[in-house]
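Participant: here's my sequence, what's the structure:
(one chain, ligands or ions: 2)
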Amino acid sequence: MATLGAQKKHRVTIVGSGNWGTTMSKLVAENVKANPQLFEETVQMWVYEEEVTVPKDSRHFDPASELATKPQKLSELFNKVHENIKYLPNITIPANVVANPDVADSCKDSTILIFVLPHQFIPRVCDQLVGKIVPYARAICCTKGIDVSEKGVRLMSEAIGMRLNIYCGALSGANIASEIAQEKYSETTVAYDPPPMDSRAPSPSGSPNASQVDLISPSKPVPSARSAILQALPIDYPPLSHTNIRRLFHRPYFHVRIVDDVAGVSLGGALKNIIALGAGFVDGLGWGDNAKAAVMRVGILEMVKFGKNYFPDSSKSTTFTEESCGVADVVTSCMGGRNFRCAKMAIEKGKTVFEIEQEVLNGQKLQGTSTAYEVNEFLKQQGHEADFPLFTAVYNILEGNAKPEDIPELIEPKE
Ligand SMILES: NC(=O)C1=CN([C@@H]2O[C@H](COP(=O)(O)OP(=O)(O)OC[C@H]3O[C@@H](n4cnc5c(N)ncnc54)[C@H](O)[C@@H]3O)[C@@H](O)[C@H]2O)C=CC1
Ligand SMILES: O=C(CO)COP(=O)(O)O
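Facilitator: Numbers count the residues shown, from 1 in each chain. Ligands and ions are numbered 1, 2, ... in the order given. The predicted structure is shown next:
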């Protein structure tokens, strides 16, 4: 690891390289370059390897050349042309992002792991990292989804943190990746609130220094199970204070607000994808903006209720209303998100959302479909399906048990 005198620098890995993952690599790479006292210049990006063929109109290759016609490994092509031609075409990514197809190698020695994978792949990828990362690494989950099992519901940040024994915060907001990649202004919400650590790990370079402690809310009790497994960041690293976390993500075109409500931020991102499917269904029927607004209103109420009911100690309803990760993300997702667009197209073309996803997304993944199933499985476990009529209606439409035309009746409060 590179050092600056006695001070080490944080090494950053982006775990994921889809549409948002690659966009995240761009903005983080710009920020590590702008903050060389805090971060190593090279940003690793784990690429789920696949063979790709360069599009005929690619700006990088002569269409007649062998490279333009022969399938190539996505990671190798990325490192050659500094563009993810499959998941974020026509956007140049800074040269300090290095694509790496080996997930353990990409995360080795990194103190900051940024997870940006479709949520269904998170458990398997984390399992490959167990025992392969530095024990005091910190993670931020930019994935939108939840983790449901017979034991109940967990945030993706919890799924990551518990598998890897590290602290994991969350980043979520009204963030359509292609707009951010083009440096169009948007806001986001970062929740970062690791439990306070009593002291920093022993360091050869000196005793713990209060100004460098990376604790954020000293007033919060440390849950004993978590404090037992979490390791303090060694003193010779810059603290991961809110200021430094903000330096990692904030750009002139990407404004960051930091909060401590990891549950609220994570739930907003996950649940809005179900609402966006509902909005797409009514838009696909040609019912117009009033119908869409009705679906959004009911969806927002269910989102707030879900947090209150199932994460009562950790989520705050104000996060949904005041921060980008709540109502604002519902709005943008119901106007231009992939879940909205695919649900709308499914109704217009008389196909299922799953078929449309395969046909039009070129490998990108919807998160609303699996989240609707996961939320429904959890609500069934609780016997609470009727308390969340929109979430239940979206699930039933996906399953073929209800029609989009039934939505007004399905979401009407029952006597
Ligand atoms: N694209 C967007 O506008 C935004 C996406 N997000 C969230 O970020 C997360 C990641 O989404 P994107 O980066 O957009 O991905 P994407 O949907 O564009 O791409 C799918 C990704 O999954 C990878 N993949 C396919 N099979 C895999 C496997 N078996 N194991 C591991 N990876 C595999 C592909 O290589 C690709 O990188 C999702 O939870 C999404 O909701 C959040 C904000 C904005
Ligand atoms: O999360 C997003 C916008 O904030 C992107 O939503 P989609 O996955 O529906 O495109």
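Participant: excluding sequence neighbours, find me the nearest residue to the residue of the stretch 301-415 of the chain found nearest ligand 2.
Facilitator: Residue of the stretch 301-415 of the chain nearest ligand 2, by Cβ to the nearest ligand atom: residue 337 (2.9 Å). C-betas here are computed from N, CA, C, even on glycine. Once flanking residues are discounted, residue 337 sits nearest to residue 276: 5.0 Å by Cβ to Cβ, 6 or more residues apart in numbering.
Participant: in the stretch 151-300 of the chain, where is pLDDT below threshold?
Facilitator: Counting by pLDDT under 70, the stretch 151-300 of the chain shows low-confidence ranges at 197-229.
Participant: now the helices for it?
Facilitator: With helices called from DSSP state H, counting those that start in this stretch, the stretch 151-300 of the chain shows them at 156-164, 177-181, 224-229, 242-249, 262-284, 288-310.
Participant: go ahead and confirm residue 119 touches residue 142.
Facilitator: No - applying Cβ atoms under 8 Å, one finds residue 119 not in contact with residue 142, separated by 10.7 Å.
Participant: those two: who's more crowded?
Facilitator: residue 142 (26 against 23; other Cβ atoms under 10 Å).
Participant: phi, psi of the more buried one?
Facilitator: Backbone geometry at residue 142, expressed as degrees, to the nearest 10, gives phi -100, psi 0.
Participant: domain ranges for this structure, per the record?
Facilitator: Domain segmentation of the chain under automatic domain parsing yields 3-260, 271-411.
Participant: on that earlier part again, what about the residue nearest to residue 337, neighbour count?
Facilitator: For residue 276, using other Cβ under 10 Å, the count is 32.
Participant: so it sits against residue 342, correct?
Facilitator: No - using Cβ under 8 Å, residue 276 is not in contact with residue 342; the gap is 9.3 Å.
Participant: could you find the closest non-adjacent residue to residue 20?
Facilitator: residue 177 (4.2 Å).
Participant: shouldn't that neighbour be in contact with residue 88?
Facilitator: Yes - using Cβ under 8 Å, residue 177 makes contact with residue 88 at a distance of 7.3 Å.
Participant: please enumerate the shared neighbours of these two.
Facilitator: By Cβ atoms under 8 Å, 6 or more residues apart in numbering, residue 177 and residue 88 have these common neighbours: 19, 22-23.
Participant: dump those into CSV; add distance to ligand 1 and pLDDT as well.
Facilitator: Below are the shared contacts of residue 177 and residue 88 laid out as CSV (distance: Cβ to the nearest ligand atom, whole Å; pLDDT from 0 to 100):
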residue, distance to ligand 1, pLDDT
19, 3, 98
22, 7, 99
23, 7, 99
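Participant: ok, these vs ligand 2, which is closest?
Facilitator: Closest to ligand 2, out of all of those and judged by Cβ to the nearest ligand atom, is residue 19, at 7.8 Å.
Participant: can you verify my assumption that that closest one contacts residue 88?
Facilitator: Yes - taking Cβ under 8 Å as the definition, residue 19 is a contact partner of residue 88 at 5.7 Å.
Participant: which residues of the protein lie near ligand 2?
Facilitator: 144, 174-176, 273, 276, 329, 332-333, 337-339, 367 (Cβ under 6 Å from any ligand atom).
Participant: now narrow these to whatever sits close to ligand 1.
Facilitator: Among these, ligand 1 is touched by 144, 175-176, 367 when using Cβ under 6 Å from any ligand atom.
Participant: show me which of those residues is closest to residue 42.
Facilitator: residue 175 (24.6 Å; Cβ to Cβ).
Participant: for the closest one, what are phi and psi?
Facilitator: phi -130, psi 70.
Participant: quick one: residues contacting it.
Facilitator: Counting by Cβ under 8 Å, 6+ apart, residue 175 has contacts 20, 186, 188, 324, 329, 332.
Participant: got the contact list for residue 56?
Facilitator: 63, 68.
Participant: same deal with residue 370?
Facilitator: Counting by Cβ under 8 Å, 6+ apart, the residues that residue 370 touches are 119-120, 145.
Participant: okay if I get those as TSV plus distance to residue 12?
Facilitator: Shown next, in TSV, are these (distance: Cβ to Cβ, whole Å):
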residue	distance to residue 12
119	21
120	24
145	22
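Participant: tell me the angle of the helix or strand harbouring residue 390 relative to helix 262-284?
Facilitator: Element membership of residue 390, judged by DSSP states H and E, is helix 389-399. Counting by axes from the mean of the first three to the mean of the last three Cα atoms, to 10 degrees, helix 389-399 lies at 60 degrees to helix 262-284.
Participant: how distant is the next helix or strand after helix 389-399 from the center of its chain?
Facilitator: Later in the chain than helix 389-399, the nearest helix or strand by DSSP H and E is helix 407-411. Centroid displacement of helix 407-411 relative to its chain, using Cα atoms, centre = their mean, to the nearest Å, is 30 Å.
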